[in-house]
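Asker: return atomic coordinates for the entry below.
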Amino acid sequence: MKILFCALVITLVSCSRSNPKHEEISYDFAGQHYRHIGEAVAIDAASGVGIFKVSAYLSTPTAYKISGKTSLTNSIEVYLEGEMVEQKTYHIRATYFPNGVWAGPGDAFGFDSSDHFIDVTINSYEDGVVNGFFSGRISRLVNNINQPVDLTNGQIINVRVR
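Answerer: Residues are numbered from 1 along each chain as shown. Sure thing, here's the model as predicted:
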């Protein structure tokens with residue numbers, strides 16, 4: 001069985017509706033809370049949060065990369081397939097790996113089993129600003145052994161699509 005692992009970038013930004021420049025992605029993972037804040041002005045920015053349109057991602061003609069970074073080893077990235085971001089729930093499963101890429105601080109993370117998934121719900125998408133939440137179960141590679149880890153309490157707050 002082929003196992004795919006990718007880097008997880010986690011960034012949390014504190015935001016409020018009155019100031020859309022305050023952008024945040026936060027979540028709980030492997031017993032720790034991660035919070036990424038601040039605007040990422042480019043898809044390859046060293047820190048900050050943003051949603052970026054990408055083309056030709058693996059087998060997908062168009063996708064959107066939800067990205068939060070504090071550093072290269074402290075980040076989260078999720079890819080949503082589609083021509084546009086929609087107000088709906090995206091269910092990303094191991095069998096649809098091109099939809100999502102994850103990696104994490106110090107360890108490799110990814111989908112290793114058919115019961116691993118990430119659900120991303122976009123609650124609102126107005127004037128280019130996204131709010132929503134996410135959760136799931138992915139694999140963490142520790143000492144060459146895959147261990148399932150829950151991703152909970154994920155929040156996307158006032159994150160701008162660029």
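Asker: pretty sure Gly38 sits against Ala45.
Answerer: No - counting by Cβ atoms under 8 Å, Gly38 stays clear of Ala45, with 9.2 Å between them. (Glycine included, C-beta is placed from N, CA and C.)
Asker: the two: which is more packed in?
Answerer: Comparing Gly38 with Ala45 by neighbour count (other Cβ atoms under 10 Å), the higher total belongs to Gly38, at 22 against 16.
Asker: how close does Gly50 sit to Ser67?
Answerer: In this structure, Gly50 and Ser67 are 6 Å apart, going by Cβ to Cβ, to the nearest Å.
Asker: for these two, list the residues in contact with both.
Answerer: Where contact means Cβ atoms under 8 Å, 6 or more residues apart in numbering, the residues bridging Gly50 and Ser67 through contact with each are 40, 43.
Asker: the strand or helix carrying Ile25 - what's its average pLDDT?
Answerer: For Ile25, the enclosing helix or strand under DSSP states H and E is strand 24-29. Confidence over strand 24-29 (mean pLDDT, whole number) is 90.
Asker: after that strand, next one along is what?
Answerer: Of the helices and strands lying after strand 24-29 in sequence (DSSP H and E), the nearest is strand 32-37.
Asker: how far off strand 24-29 does that next one point, in degrees?
Answerer: Between the axis of strand 32-37 and that of strand 24-29 there is an angle of 170 degrees, by axes from the mean of the first three to the mean of the last three Cα atoms, to 10 degrees.
Asker: paired strands for strand 32-37, with orientation please.
Answerer: Strand pairing for strand 32-37, determined by DSSP bridges: strand 24-29 (antiparallel).
Asker: got the buried residues for the strand it pairs with?
Answerer: By neighbour count on 16 or more other Cβ atoms under 10 Å, the buried set for strand 24-29 is 24-27, 29.
Asker: need the longest strand for the protein.
Answerer: Longest strand of the chain, by residue count under DSSP state E: strand 145-160.
Asker: buried sites along that strand?
Answerer: With burial defined by 16+ other Cβ under 10 Å, the residues of strand 145-160 counted as buried are 146, 149, 151, 154-160.
Asker: so that strand versus strand 24-29, what angle?
Answerer: What separates the directions of strand 145-160 and strand 24-29 is an angle of 160 degrees, with the same axes, to 10 degrees.
Asker: in its sheet, what does strand 145-160 sit against?
Answerer: For strand 145-160, sheet partners with direction are given as strand 24-29 (antiparallel), strand 129-142 (antiparallel), following DSSP bridges.
Asker: so Val41 makes contact with Val49?
Answerer: No - here Val41 does not reach Val49: they are 10.8 Å apart, not a contact under Cβ under 8 Å.
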